[in-house]
Each structure stands twice: as C-alpha cells, then as structure tokens.
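Asker: Turn this into a model:
(4 chains)
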2 protein chains.
Amino acid sequence: MSQTVDRALSILPLLAEGPADLGQVAERLDVHKSTALRLLRTLHEHGLVYRQSDQRYRLGARLIALAQEAMENLDIREIAHPHLVRLNEQCGHTVHLAVYEENEVLYIDKVESRYPVRMYSRIGKPVAITVAGVAKLLLADLPEAERRVLADKLDYPMYTARSTPNAPAFLRELEKVREQGWATDLGGHEESINCVAAPIRGADGRVVAAMSVSAPNVVVTADELLTLLPLVRRTADAISGEYSGRTPVPSSKDPHD
Amino acid sequence: MSQTVDRALSILPLLAEGPADLGQVAERLDVHKSTALRLLRTLHEHGLVYRQSDQRYRLGARLIALAQEAMENLDIREIAHPHLVRLNEQCGHTVHLAVYEENEVLYIDKVESRYPVRMYSRIGKPVAITVAGVAKLLLADLPEAERRVLADKLDYPMYTARSTPNAPAFLRELEKVREQGWATDLGGHEESINCVAAPIRGADGRVVAAMSVSAPNVVVTADELLTLLPLVRRTADAISGEYSGRTPVPSSKDPHD
DNA sequence: ATGAAGGTTGCAGAGATTGCAACACTCCAG
DNA sequence: CTGGAGTGTTGCAATCTCTGCAACCTTCAT
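Answerer: Numbers count the residues shown, from 1 in each chain, chains lettered A, B, ... in the order given. So this is what the prediction gives:
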C-alpha cells in the first residue's frame, strides 16, 4: 500500500536470511543503490538493522527487544505460564503454549522437560503447522471457509511417514479435532516424538491459544502419554477460565481503565 | 532520512507499549488518520502488526519470528551454545551469553540452572547495563571516548545498595574490569544474586560477546562462586578460539560462497 | 601509484504520499 | 425505529518526498 515502507520492510526478511551488503540489498529489492542506502539508514536509526564491522547489514538488537515486549504483552501468556509450570511439575514433560495469527502458528511459551532427552523447539519459532497438535486445534476453530483456503495454501512436508500428506486429509483431521476437542501428534513431526494438546478458549468460546505436552517414545509410549489427556484438558480449562475472567484472579495489577 | 518509513517504524515501539487504535496511533504520530491507516496497513501486510478482534492494533507474530531468525543468525551464539551447555553441566548454575549493540546489552542465550532456585532473566531482554558483569566487560572494551559518552548518558538505578551509583564510579569499574580481564556482579542487581563473567574475543582481540555464571547466595556464597572463575575463563577462551577460527570447527555447513 | 569496487551525496524530475472531505459502518439512546 | 456520535475507509488533487542518476569519495589490492 505504501511503496516506500513496503520496500523498507522487505529488507527485514531478506536480512533474516543472513547479513548482506548494500549492493545485495539493492539488487534484491530491485532499486538503485542510493535508494537502498537511504532505506537502510532509516531502519538503522530505528535500531532494526545493525551495521557490522565489515559494513554489511544484519538485523538489529531493537528488533529482538521489540519482539520481547510483544510477547510479554500477550496476556494469555502471562496467565497461562504458572499453569504450564505446574503441569510440567506434575508430569515432567515439555509443555508448549502456541497461538495462531495470520497463517502462522507460533510457540509463545515453553517449559522444558525435566528428563535429559529434550525435543528441539524454541519460543518464537513457527510451528510445523500441518502436524502439530496445537496447530490442529487452532486451525480447527477457524470458520470453515477460511480453513479451506488456508489448507489449500499450505505445503505438506512429509517429515515422517505419519505426517499429514495433503489438504483433504488435513481438513478431515481438523474436523475430527474440532469434534473431539483435543488433538494429538503421534510421530508426525519427528518419528519418535508424540504429543497431546488441548485448546484454551476465550469468553466467547473461540480458541485463543493451545497447549501441549510432548515426550519422546524412549521416555513414555504414546499410550502412556494419552493417559495425561485429562490432566492436560483440565489445565487448559483452568487457563480458559482465568483468561475469560470467570475465576477471580489471585492477584493482578489494575488495567489502565 | 525517509519520512514515510520513519513514521511507519515509529509505530512499532508505540505498539510495544500496548495495543492502540487508529486514532491513538494517528495522534501520537501527529498525522492524519488516513495516513496512519495506510502505514498500519503496510505494516500489517508484512505481519509486523496484527489487528485484534476489537480492531485495535498490536505487534504481530512475524516480528517475533524475525527476531528469532535474527538471533539464530548471530553465529557467535551458535558457536557458543554447546560450550555454555557443557559449563552448565559442570557447575549446575545459570549461564548467560550477551552482546553489546548500539548502547544496549542483550542476553542472546541462556542455559538454566539445574537448581530449583532460578533467577529471572529472558533471552532478548536488555541487561541491567550498569551492574551486570557481562555488560561491564562489553563496555570496558569500547574506545575510551565512546565509553565516557555512554557512561554519561546512562541512568544509574540503585537496584541494591551495591549497585553502581554514578558515571565516575562506573568508569572506574570499567577500567578495573578492562585490566583484570573478567568481571563480577556481587549483589548489584538483586541483593542475593552474584555472578562471574568473562569476555569472548574475536580474532582481532576485540570483545564480541561476554558470558557469565550466576547463582543466588542460598545456593553458593560469592566466594564459592569465584572459585569457578578459572573454569568460566577457560570456557570463554575456548569459544573465542573457535569463533576466531583458530580451532578447526568439528562440523559445519558450508557458507554460500 | 593506479585501478577497481563499493559506499555516499546533490540535484532535478517523477511519482508516491498526504490531508481533506465525503462516505460507510457500528453502537447506543431516545 | 430513528437519529447521532464515534470510528474506520476511500477518491482525489496538490504537494512534497522519494527516486535514479552521475559524480565523488574511500578503501583495498595489485
């Protein structure tokens, strides 16, 4: 909508791939070097871009700090965190919290497993959207039309033999998840890792976030993990209740109105 | 340098404070509503801004994902991580890695203490720059002129009675740190928490990052923590060596040139 | 020294951006 | 049901900003 800003912002994902010098940026944006320079300067002034000693540009520290603040402002995260910790204390496995936003599902919180074998994941990292239990729950709650459109746009990488292979299969899975009110991922992302997931709902019943417990086969079998389902659902419901204001929150700072 | 981009980027920190509606954004930017709308739209298209259900805007998920990539591309982080983990296995305490950039010091990696008592800190969070051991090391390495200017600009919050009180004291401390080649923070940020820190240097000898081990009094006394200094320094040196290419890296993917 | 490669600046023309005003929409009160 | 306030949205013309160019500067390697 705004050409200049559009160009400037296009620089960010470009630099996310790795540092680049002025010429490379200009070329990829298809603009004159001087134009690229001025855009980079503006980004630099705002701290979103940093110029390293070899004069190449990369993403700057303020970006990281901004993202940090963005996450802390997601109040679902604040409310959920203590519940996640408690769940982790009870079962010992890795607990994740994720939200959906504009065609992406992101982990926004994580409590690490107490077992030595941990799975790889990181807060802020986009989730494997076609297989993760939390992703299924979040997408299953979208209006049907939107769900169909999105399912068509997605790629269906076969991480393992049990990955969701294509859009129709995915839509069927979402329908199932929608009805049963919980989801699993049994080795669909990594052969040896399973997870059980449950939805967190706002006051209007819409799914605002999803949480999951994950563990590798070597620690517990899929069946054993499934026995945790009631606990996971209870935790999710507790968070839902607090989030939608049904439970008097133990102690919280006053909102500014 | 570029008015349009400048305005657009100014929206980000504004939204970092909390969600805002179109009118509020326009007012704070001192532009017409329609202008603010178009800037917000552009930010939205790039996913940096999200429109929540009540039509207010807040920072978007792509921002978080971008920051994630930014951090993963800091190769010092990649190189250092296994060393930090090993150090944590040896001593059991919380290990931090931090870098300096444009008047800020940021934690870019962290390995949690294995003890139940943990300190609060988060990757991406700006460090308490006047007291943290890692901050002292990073600032101590700046050219003297720059150090003086920066020291003057800083605030000196008295987190505790042992916090650095003012610029002259800070500069003296930096001088000391510079000479001894390591730093501590003994209760300067939180009364009961101490830390020992060591610098990581590039091939040219400049300090590119700093790492620290932190632990609360209730777990180990300050004196006990200090006995870890040689270990911390050895770890930092190992990272320095690998970072500046003196050590043949065990295995690494090919750079694209 | 010399040349090449990349970064930086002033300038005039082109074109994008701006603010305005009118319009759409939602919500609430009468 | 109707009217009105509060917001968000769009078309348009004037203008001010941004763009690309070309010349200049700096750094580095030969």
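
Asker: Could you use CA atoms for every contact and neighbour count after this?
Answerer: OK.

Asker: Can you get me a residue count around A:P82?
Answerer: Residues lying near A:P82 (other CA atoms under 10 Å in any protein chain shown) number 12.

Asker: if I look at it, how far off is A:T235?
Answerer: 10 Å (CA to CA, to the nearest Å).

Asker: One more: A:L29?
Answerer: 47 Å.

Asker: what about those two, which has more around it?
Answerer: Neighbours per residue (other CA under 10 Å) separate A:L29 from A:T235, with A:T235 holding more: 21 against 17.

Asker: what's in contact with the helix or strand hosting that one?
Answerer: Assigned by DSSP states H and E, A:T235 belongs to helix A:229-243. For helix A:229-243, contacts defined as CA atoms under 8 Å, 6 or more residues apart in numbering or on different chains pick out A:76, A:79-80, A:83-84, A:87, A:182, A:196-203, A:210-213, A:247-249.

Asker: In strands, which of those residues fall?
Answerer: A:196-201, A:210-213 (DSSP state E).

Asker: hang on, A:N194 is in a helix, isn't it?
Answerer: No: per DSSP: H, G, I helix; E, B strand; the rest coil, A:N194 lies outside any helix segment and is strand.

Asker: Spatially nearest residue to it (excluding sequence neighbours)?
Answerer: Among residues not flanking A:N194 along the chain, A:L186 sits closest, at 4.5 Å (CA to CA, 6 or more residues apart in numbering or on different chains).

Asker: circling back: buried ones only from the contacts of helix A:229-243, please, as a ChimeraX command.
Answerer: Selection of buried members from the contacts of helix A:229-243 for ChimeraX, criterion 16 or more other CA atoms under 10 Å in any protein chain shown:
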select /A:76,79,80,84,87,182,196,197,198,199,200,201,202,210,211,212,213
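
Asker: one step back: list the buried residues of the helix holding A:T235.
Answerer: Those would be A:229, A:232-233, A:235-243, for helix A:229-243 by 16+ other CA under 10 Å.

Asker: what do you get for stretch A:83-103?
Answerer: A:84-85, A:87-88, A:91-101.

Asker: same thing with stretch A:208-224?
Answerer: Neighbour-count burial for stretch A:208-224, counted by 16+ other CA under 10 Å, picks out A:208-217, A:222.

Asker: Dump the residues you listed into a markdown table; add pLDDT and distance to chain B as well.
Answerer: Output for the buried residues of stretch A:208-224, formatted as a markdown table (pLDDT from 0 to 100; distance: CA to the nearest CA, whole Å):
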| residue | pLDDT | distance to chain B |
| --- | --- | --- |
| A:V208 | 89 | 11 |
| A:A209 | 94 | 13 |
| A:A210 | 96 | 16 |
| A:M211 | 97 | 17 |
| A:S212 | 96 | 20 |
| A:V213 | 95 | 20 |
| A:S214 | 93 | 20 |
| A:A215 | 91 | 20 |
| A:P216 | 90 | 21 |
| A:N217 | 87 | 24 |
| A:A222 | 91 | 28 |
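
Asker: Closest one to DNA strand C out of those, please.
Answerer: DNA strand C has its nearest neighbour among those in A:V208, at 19.5 Å by CA to the nearest atom of the strand.

Asker: same question for stretch A:30-48, mean pLDDT?
Answerer: For stretch A:30-48, mean pLDDT rounds to 92.

Asker: Name the surrounding residues that touch it.
Answerer: Identification of contacts with stretch A:30-48 by CA under 8 Å, 6+ apart yields A:7-8, A:22-23, A:25-27, A:29, A:49-51, A:59-63, B:1-2, B:5-6, B:9-10, B:102.

Asker: Buried subset of those, written for ChimeraX?
Answerer: Provided next is the ChimeraX selection string for whichever of the contacts of stretch A:30-48 are buried by 16+ other CA under 10 Å:
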select /A:7,8,22,23,25,26,29,49,50,51,59,60,61,62,63 /B:2,5,6,9
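
Asker: Give me the next element, helix or strand, following the longest helix that chain A contains.
Answerer: The longest helix of chain A (DSSP state H) is helix A:75-91. Using DSSP H and E, the helix or strand that follows helix A:75-91 in sequence is strand A:94-101.

Asker: and the next element down the chain from that next one?
Answerer: Assigned by DSSP H and E, the successor of strand A:94-101 is strand A:104-111.
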